[in-house]
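J.: Build me a model:
(3 chains)
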Amino acid sequence: MTPGEDSLAGTVEELFRRVLFLPEQASTVAKDVDHLHYVIITTAMVAATVIFGTAAYFLIRFRRRSETEVTRRVEGTLVWEVLFVGVPLSTFLVWFFVGYHDFIRMQTPPPDAMDVYVVGKQWMWQFTHPEGPNSIGVLRVPVGKPVRLLLTSRDVIHSFYVPAFRIKQDALPGAYTQTWFEVTKPGSYRVMCAEYCGLKHSEMWAEVQALSPEDYEAWMQEQRRGLVSRRDASPSAPEREEPHKPARQAASYDAQNPHGEVMYGERGTLAERGERVAAERGCLKCHTVDGTAHIGPTWLGLYGRRERLTTGETVVADEAYLTESMMKPGARLVEGFEPVMPSYLGELEAAEVAALVEYIKTLRGARLETIRSEGPVYEPIGGK
Amino acid sequence: MSTETSPWEEHFGSRENQNKAAQLGMWIFLGSEVLLFTNLFVGYGVYRYYYPDIFVEGSKHLEAGWATVQTLLLVTSSLFVALAVHYIRQGRQFLTALVLLVGMGMGLGFLGIKGWEYWKHWTEGALPGEYYRLEELPVRGGSLFFTLYFLLTGLHAVHMLVALGLLGWLVWGAVSGKYTAEYHIPVEVGGLYWHLVDVFWLFIYPLLYLVE
Amino acid sequence: MNPSAGSSQPAITYLNHETTVGSWLLTRDHKRIGVMFLVLVILALLLGGVFAMVLRIELLTPGPTIISAMTYNRMFTLHGVTMVWLFMIPAIPSAFGNFVLPIMLGAKDVAFPRLNLASVYIYVAGAGLTLFGMLWSGADTGWTFYTPYSTTSPTAVAPILLGVFIIGFSTIITGLNFITTVHTLRAPGMHWSRIPLFVWALYGTSVIQVVATPVLGMVLLLVFFERVFGVGLFDPARGGDPVLFQHMFWFYSHPAVYIMVLPAMGVITEVVCAFSRKNIFGYKMIAASTFGIAFVGFFSWGHHMFVSGQSTFGSGVFGVLSMLVAIFTAIKIFNWVATMYGGSIDLRVPLLYVLGFIFLLVFGGMTGVAVATTSLDVHWHDTYFIVAHFHYIMVGAVLMAFLAALHYWWPKMFGRVYPERWSFLAASTIIFGFIVTFLPQFLLGNLGMPRRYYQYPAELQWLNVLSTAGASLLAFGFTLIGVYLLWSLRYGRVSTANPWGSSGYEWYSGSPPAPHNFTEAPRFEREVHDYTVPEAPRVY
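T.: Residues are numbered from 1 along each chain as shown, chains lettered A, B, ... in the order given. Below you'll find the predicted structure:
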C-alpha cells in the first residue's frame, strides 16, 4: 500500500469515527471493533434508505384516487419470502462471525499478560499490582504490554469500563472475572462504572495512566523503595509534570470528593437513614459492617461491646461512647487502631448522629460473622 | 345474557364448548404453574452443581422414610380424586363427596407430616438463609440447600392448601347437588389441579430426599 | 367508503345500555374492561412520562440540576417500573386486545368474563401497591432489580417487588383468556386460516405471558423473601450467585419485550391493510414469524450478560439466537411494505404512525443486531446506546403502534371521530420529537456515557440538552393528543359504523358496538381485509 492510499484510508476512518462520535482508539482491539461498527451502521443506513424509498414510492404511486377503489389480491410468493429471509440472514451471520472472532480475542488474555487486581466497592476502584503498589482511582500500566485485570467486588456488582479501549467487564462480589487490554499510546484514559451500584454510581470514576515502558519501569522502581506496608502507589513522573489533565480531575472527583449530597426528602426508619448517612459520609471507607477489620473497628456487634482502650481501660460502646467517638475521635481510642479519624463535630447534624447510632445498633447479632465470604479463587493463565 | 342461577354461560354457544373451554383454561393455567416452580428447580440444579457434596449431605438430614409415606399418601389421594370424577359422571353425588373427603384426609395427613418435619428442622436450626444454625454443614452451600428445601416444599405446601380448599368447595357443591352427571366440569377441573400438585411432589421428592 | 354502512348502527350500544358507575365497575363486558384498561394504562403512561421529564431536566447540566442523586436514582427506577409493567405490557393486549379480539372472532365475549374483570382489579391492586412503594420511599435499584444491590438497598424495594408480582397475575389471566377464546369461541366460518393477524399476534403474546410471567413472579418473590426474611438465595456470602438472578430475570424480561412488541406488530398489520386497502402480503409468513419471535425470544436472554462473566461460547450462542429474532422482524417489515404495493393508499393519521413505527423499528432492529454482535456489545453494554436502542423498540415502536391503535379504533370504541388536522400535527410532533430525543442518545452511547448516570462528563452536555429538547416536543405532542381526544369524546363528529371503509373483521360490528357486539350472528364470508369489491362489509 502506498503512503497516499494509506492516508486516504486513514482520513475516511477518522471521518467515520467523528461522525459516529466514537472516542479515541487507544487499545489494540479498538480499531477492529470500530471497523465492524462502521460496516454495520453503513449497512443499516443503506437498508433504511431502501425500505423508506420503496415505501415512499408506493405511497405516491398507489395513492388513493377514488373512494370506491378496489384492489387486486396479491399473495406473497415463495421467491419473495425466501429473499426476505435470506438476504438479512446472510448479512447478519457474516457480521456475527466477524464480531464473534473479535469477541473471542477480547475475552482471551494473551499468555504474556501482566496481572493487576481490581476491586470495586461503593464507590471507588482499587488497583493492586502483584509487585506491591496499590492505589485508589489510578491504574498505571505500560504501553505495548497486555494487561490482564482480575476483577472482583466488595459489595454489589460494578462494571469496569474504559470507552477508549472498548472494553467492559462486570466485577462480581464473591467471584473473579477477567478482561484484558493493551494500550497503544501513552496518556490517561477515563474509567467509569457501568453497572448501576447505588447513590454515587455516576461518580465511580478512575483513570488508566498509560506510561511508556521506561516511565513505567522507573515508577515501579520508585515504588519498590520504602516500607512494604507503605506501598501505596504514588504518582509517576509524567503525572507530576502535568497534574491538571481532565481525566485526573475525574479520578479525584470520585469518592474522595463527594459533591455534598443533601439529605433530601428523608423517609424510612432511623436505622435505614443511618445506613444511608454511613454510606454518604464515608464512614464505610474505614468501618466495615461485616466483621472484617479495616482502618477503624468494625460496626458489626459494636453496640454494647466492651472495648479495650489504648489507655488500658475498658469501655462499653453505648450511645454516649459512639457519639463521643464521632465528635472527638481521639479522646478514647480503641486499642489497636491509629488515631486517624477526623472529627465530625459540626459536620453531622444531630439527626444524622442519631441515625448512625441506630444503624450501628441494628448491626448487633453475630449472624454475619459466621458466614464471612471466603476469598474467591482465580485461575492463573495457562503455562505461567 | 347469562343468568346467575344456571351454571351454563350463554356466550359459549354450547355446553360442550363450555366444558372444552374450562378444561383448556385449566390446562393453560397448569402449564403456567409448572413454570412457577421452574426457577426453584433451576436454582436447585445450579447450586447442586456448585456444591455437590453438601447437597448430598443435606439430603441425608431429611426424613426420607417419612417422605416416602407422604408420597404414598398423595398418590393414593390422587386415585380417590380420580374416582370422584368417575362417580360424578354417573351422577352419584354422595359417593363423590365421600371419596373427595378421603382424598382431603390424606392431603391433611401429608401436611401434618410436613409440619412435623418443619418443626424438627426448626429445633435443629436447619433453616434458610440468615437463620441457618446447623453446624454439621458449612453455611456456604448448606444454607442454600435448606433455603431451596423450604422454598420448594413451602411453595408446594401452599399449593396443597389451595388445592384442599378447592376440594372442600367441590365437596360442598357435590353435597348441595350443584354438580350432576351433566354438569361435572368443576369436579374434573378441580381434580386436574389436585393431580398437578401431586405431580409437583413427585419431582420434589426424589430431588430433595433421594438423590445421592 | 360506503356511506350506507352507517345506516345500520345499533341504537343501543355497550356505552349507553347501562350507565351507572356500578355497571362499569362490575361489568363483565370485554369492551368495558378494555376501556377501563385503556384509562388505567394511559394514567400509567402519564405518570411514567412525568418521571421521564424530570430525568431529562435533571440531565440538562453535567452536575446536580434540580434533584439529588438519590431522587434521580429513584426516578429512573420508577420510570422503568411504571413504563414496563404498568404501561407497556398491558397497554395493547389488555386495552385494545380485550376490546377487539372477541369482535374479530365473532364472539360475544372472552371465554372467562369474570376472570377478565378480576384481571382489572388485580392490576389495580398491584399498581396500587407499587404506587404505595413509590410514595413511601421509592426503590432506587433500577427496574431490573439486580442482586445484590436490590437486596441491600435502603429503599422500599419490597412493596414494589410485590406489586409487580401481583400485576403478573393480571397478565397471566389475560393471556389464558385470549388463548381459550381463540380456541373455543370463533364464530362459524372463522377458520384458522382466516383469523386476523392482530389475533395471531395476541395469541403469540399470550403464550409468552402464560409461560414467562410465572418465572418472573417467582424470581421477584425470591428477592422479596431475601429482603424480608433474609433467605439469601443470591447472596455471595452464603455461596449464592448473584448472576443467577440475572439469568432468571432476563428469562422473563427478554420475552417481555416481545409481549410488548408482538401486539404492536399486530396493530401495524391491521392498519397497513385498512389504509392501503389491500390484503396482507404473506399472511402465513407474518403469522409464522410471530411464533418464531415468541419461540426464539425465550432463548436469547443471555445477550444481556455478555460482560457479566458468562462463558464466551454461551455469549456466542445467545448472540446468534438474538439475530434470528431480527430476521423474523425483518420478514414482517418487508411484508408490510410489500402490502402497500398495488394498494389504494390513504395517508391518514394511523398510517402516519405506522410509517413512524416502521422507521423506528428499522433503526431499533438494526441497532439490535449490532448489539447482538458480541464484540460491539462490549463497548455498548449499559451505555446510552442501549438506552436509545430499547427506547427505539419500546417507545418508538410500541408507542407508535399504541397511538396508531388509539386513533384507528377510537371511532370503534367511542363512536366519535377525532379532529384530523390536530392529530396530524400531534403525530408529526411526536415522531420528530422522538427522533430528536433518542438519536443523540445513540451518540452519547458511542462516546461512552453509561446509563443511570446522575452526573456525566461536561463535554457530553450539548447532546443531553438536545435530547431534553426532543423530550419536551414529545411531552407537547402527548398533551395535544390528550386534549383533542378528550374534546372529541363530547364534541367530535359522530362516526359512521365504518369510517375507514376497512374490511377488518372488527368492523362487522357497529361503532360503538352493541352490548353483545352484534345485533345478529355475523357471517364471515369474506376473507379478512378483502378489498376486491367496493362495498364495505355489512354491519351486524
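
J.: Next secondary structure after the worst-scoring helix or strand of chain B on mean pLDDT?
T.: Lowest on mean pLDDT, DSSP states H and E among the helices and strands of chain B sits helix B:52-60, with a mean of 86. Once the chain leaves helix B:52-60, the next helix or strand it forms, by DSSP states H and E, is helix B:64-89.

J.: Could you list every helix and strand in contact with that next one?
T.: Applying 3 or more Cβ pairs under 8 Å, 6 or more residues apart in numbering or on different chains; DSSP states H and E, we find helix B:64-89 packed against helix B:93-124, helix B:139-175, helix B:185-205. C-betas here are computed from N, CA, C, even on glycine.

J.: now for the ones you listed, which one comes closest to chain C?
T.: Proximity to chain C, assessed across those by Cβ to the nearest Cβ, is greatest for helix B:139-175 (3.4 Å).

J.: quick one: what helix or strand has residue A:190 in it?
T.: strand A:187-193.

J.: quick check, the next helix or strand after that strand touching chain C?
T.: Using DSSP H and E, the helix or strand that directly follows strand A:187-193 along the chain is strand A:205-211. No. Counting by Cβ under 8 Å from any Cβ of the partner chain, chain C is not contacted by strand A:205-211; separation bottoms out at 8.9 Å.

J.: now strand A:205-211: how far from the chain's centre is it?
T.: For strand A:205-211, the separation from the chain centroid amounts to 12 Å (computed by Cα atoms, centre = their mean, to the nearest Å).

J.: got it, and stretch A:141-151?
T.: Taking Cα atoms, centre = their mean, one finds stretch A:141-151 lying 16 Å from the centre of the chain it belongs to.

J.: If you count neighbours, what's buried in it?
T.: Of all the residues in stretch A:141-151, those buried under the rule 16 or more other Cβ atoms under 10 Å in any protein chain shown are A:141, A:142, A:143, A:146, A:147, A:148, A:149, A:150, A:151.

J.: Filter the residues you listed down to just the ones in strands.
T.: The members of the buried residues of stretch A:141-151 that map onto strands under DSSP state E are A:141, A:142, A:147, A:148, A:149, A:150, A:151.

J.: I'd like those residues laid out as TSV, including distance to residue C:512.
T.: TSV is the format used below for these (distance: Cβ to Cβ, whole Å):
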residue	distance to residue C:512
A:141	70
A:142	74
A:147	68
A:148	67
A:149	64
A:150	66
A:151	60
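
J.: can you tell me which two in those are farthest apart?
T.: A:142 and A:151 (19.6 Å; Cβ to Cβ).

J.: Let's test this: mean pLDDT of stretch A:321-335, rounded?
T.: Averaged over stretch A:321-335, pLDDT sits at 80.

J.: let me redo that: stretch A:162-180
T.: Mean predicted confidence for stretch A:162-180 is 90.

J.: Would that stretch count as contacting chain C?
T.: Yes. Stretch A:162-180 is in contact with chain C by Cβ under 8 Å from any Cβ, via A:163, A:164, A:166, A:167, A:168, A:169, A:170, A:172, A:173, A:174, A:175, A:177.

J.: How about the backbone phi and psi for the first one?
T.: Dihedral angles of residue A:163 (phi, psi; degrees, to the nearest 10) stand at phi -50, psi -40.

J.: Could you pull out the strands in chain A for me?
T.: For chain A, applying DSSP E gives strands covering A:114-121, A:124-128, A:134-136, A:138-142, A:147-153, A:158-162, A:167-171, A:177-181, A:187-193, A:205-211, A:306-308, A:314-316.

J.: Serialize those strands to CSV and add fields for distance to residue A:359.
T.: Conversion of the strands of chain A to CSV gives the following (distance: least, Cβ to Cβ, whole Å):
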stretch, distance to residue A:359
strand A:114-121, 18
strand A:124-128, 21
strand A:134-136, 25
strand A:138-142, 32
strand A:147-153, 22
strand A:158-162, 23
strand A:167-171, 26
strand A:177-181, 31
strand A:187-193, 25
strand A:205-211, 28
strand A:306-308, 18
strand A:314-316, 18
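
J.: Which of those strands has the lowest mean pLDDT?
T.: Ranked on mean pLDDT, the bottom entry among the strands of chain A is strand A:134-136, at a mean of 78.

J.: Which residues does the least confident helix or strand of chain B contact?
T.: The contact list for helix B:52-60 (Cβ atoms under 8 Å, 6 or more residues apart in numbering or on different chains) reads B:47-48, B:136-138, B:141-142, B:145-146, B:149, B:208-212.

J.: redo that, cut-off 6 Å
T.: B:48, B:137, B:141, B:142, B:145, B:212 (Cβ atoms under 6 Å, 6 or more residues apart in numbering or on different chains).

J.: show me what contacts the first one?
T.: In this case it means residue B:48. Contacts of residue B:48 by Cβ under 6 Å, 6+ apart are residue B:55.

J.: now whichever strand or helix holds it against helix B:52-60, angle please.
T.: Following DSSP H and E, one finds residue B:48 within helix B:15-50. Orientation check (axes from the mean of the first three to the mean of the last three Cα atoms, to 10 degrees): helix B:15-50 against helix B:52-60 gives 120 degrees.

J.: so for helix B:15-50, what's the average pLDDT?
T.: Averaged over helix B:15-50, pLDDT sits at 90.

J.: How far off centre is it?
T.: The chain centre lies 12 Å from the centre of helix B:15-50; the measure is Cα atoms, centre = their mean.

J.: ditto for stretch C:227-237
T.: Mean-position distance between stretch C:227-237 and its chain equals 33 Å (Cα atoms, centre = their mean).

J.: which residues touch that stretch?
T.: Stretch C:227-237 has contacts (Cβ under 6 Å, 6+ apart) with A:173-174, A:371, A:373, B:128-130, B:147, C:147, C:151, C:158, C:222, C:225-226, C:238, C:240, C:242, C:245.

J.: quick one on the thing from earlier: what two of the buried residues of stretch A:141-151 are the furthest from one another?
T.: Largest separation among the buried residues of stretch A:141-151 by Cβ to Cβ: A:143 and A:151, giving 21.5 Å.

J.: And the pLDDT for the nearest residue to residue A:69 once chain neighbours are set aside?
T.: For residue A:69, ignoring the flanking residues on the chain, the nearest one in space by Cβ to Cβ, 6 or more residues apart in numbering or on different chains is residue C:344 at 4.1 Å. At residue C:344, the pLDDT value in this model is 91.

J.: now residue B:195
T.: Predicted confidence (pLDDT) for residue B:195: 94.
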